[in-house]
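> The sequence and its predicted three-dimensional model are supplied below.
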Amino acid sequence: MDDYPRSLAEFRARFATDEACLAYLVACRWPGGFVCPACGGTGGWLMARGLFLCQACRRQVSVTSGTIFHQTRLPLRQWFEAMWHLTQQKYGANALGLQRLLGLGSYHTAWRWLHRLRRAMVRPDRDRLSGQVEVDETYLGGERSGKRGRGAANKALIVVAVEDTAKPGGKQRGMGRVRLARIPNASAATLEAFLRENVAPGSRVRTDGWLGYAPLAESDYVHEVVGSHEMVITHRVVSLLKRWLMGTYQGAVQVQHLDYYLDEYTFRFNRRKAGHRGLLFYRLVQQAVATAPIRGECLRGDHAGEHQPTTASSQPQDLGGG
């Protein structure tokens with residue numbers, strides 16, 4: 001049964017101490033009981049300082065080791081506040097707001113926390129899309145239009161896949177789950193790799209007539225080619241994505257960090273019908289303890305001189321977009 005707070009008051013009462021946060025992480029990481037990440041043993045004892053002692057290999061294991069909280073120096077209460085804040089904001093949170101909320105001394109600490117949490121929004125073992133799936137690509141950023149060859153300069157190319165949940169024979173198309181990825185080009189090899197990773201074999205894949213999709217005709221997908229004007233649901237998702245990036249982050253998204261924002265958008269879109277926003281918090285905690293640590297050096301480009309907008313805005317400075 002899903003276990004999460006339903007209100008801010010309940011959240012603060014439940015997670016008032018680091019010990020309470022630690023117990024919640026244990027329940028989320030090992031819902032069936034402790035499992036040693038080193039030897040796979042299932043027997044162990046909880047020791048002082050929140051460490052488990054594996055019965056089989058005698059290794060001492062922290063519940064935060066091997067997760068995005070690995071070697072954190074700040075209290076778990078602050079991490080929980082950050083996750084609650086991020087998931088309770090309907091359209092997203094920015095680093096400046098998080099810094100003020102948590103009283104962090106550094107803007108860059110808040111910035112890095114948000115990017116780590118965004119990466120945790122993608123579950124490593126998530127199911128692939130299935131059924132009828134519409135796939136298309138689009139550019140983000142730049143003010144110059146690009147050619148059909150998917151090679152416009154100063155833009156990031158992304159591919160979008162959306163489940164069409166409409167009933168067979170129905171005229172009204174419905175939007176199910178989405179998958180988004182930044183890609184280097186729209187070649188057949190790149191598009192096929194994206195599909196293999198994100199769409200289950202046997203699915204009916206609907207695309208436009210771009211040659212990069214031609215090999216699908218001889219694959220284990222059912223390929224349906226339609227006119228660009230019929231790509232209704234992918235165009236709708238792209239429109240919502242661009243509106244979200246501009247409205248929430250004012251266009252201040254650097255191209256090298258676009259992947260993190262695509263992860264956040266996917267997480268929010270796929271859970272847009274959640275009855276309680278506390279459920280989003282719960283899912284994020286679950287995925288945070290299943291996500292490997294992200295080294296600080298992997299989060300590059302957070303300096304003003306390296307800013308490269310990827311939306312229509314041409315503003316040169318970071319506006320606190322996370």
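Cool, the structure landed.

> Do you have the helices of the stretch 1-150 of the chain handy? List them.
Using DSSP state H, counting those that start in this stretch, the helices of the stretch 1-150 of the chain run over 8-14, 18-29, 76-88, 95-102, 107-120.

> C54: which of those is closest?
Ranking those by proximity to C54 (C-beta to C-beta) places helix 18-29 first, at 14.3 Å. Yep, even glycine has a C-beta here, placed from its N, CA and C like the rest.

> tell me the contacts of A217?
A217 makes contact with H223, according to C-beta atoms under 8 Å, 6 or more residues apart in numbering.

> gap between the residue most central in space within the chain and R77?
The chain has D263 as the residue nearest its centroid, 2.4 Å off, counting by C-alpha atoms, centre = their mean. Taking C-beta to C-beta, to the nearest Å as the measure, D263 and R77 are separated by 25 Å.

> Next: E134.
43 Å.

> Show the average pLDDT along stretch 81-92.
Averaging pLDDT along stretch 81-92 yields 90.

> Which residues does it contact?
Outside stretch 81-92, the residues within contact range by C-beta under 8 Å, 6+ apart are 8, 11, 93, 97-98, 101-102, 110, 113-114, 117, 244, 247-249, 264, 268, 277, 280-281, 284-285, 288, 322.

> Weed out the non-buried ones from those.
The neighbour-count test (16 or more other C-beta atoms under 10 Å) marks 11, 93, 97-98, 102, 110, 113-114, 117, 244, 248-249, 264, 268, 277, 280-281, 284-285, 288, 322 as buried among these.

> So between E134 and R77, which is more surrounded?
E134 (28 against 17; other C-beta atoms under 10 Å).

> so who does the more buried one touch?
161-162, 164, 205-207, 231-234 are the contacts of E134 under C-beta under 8 Å, 6+ apart.

> Could you list everything it pairs with in the sheet?
V162, R206 (DSSP bridges).

> what about this structure, any weak spots by pLDDT?
Residues of the chain meeting the criterion pLDDT under 70: 1, 142-154, 168-172, 250-252, 295-322.
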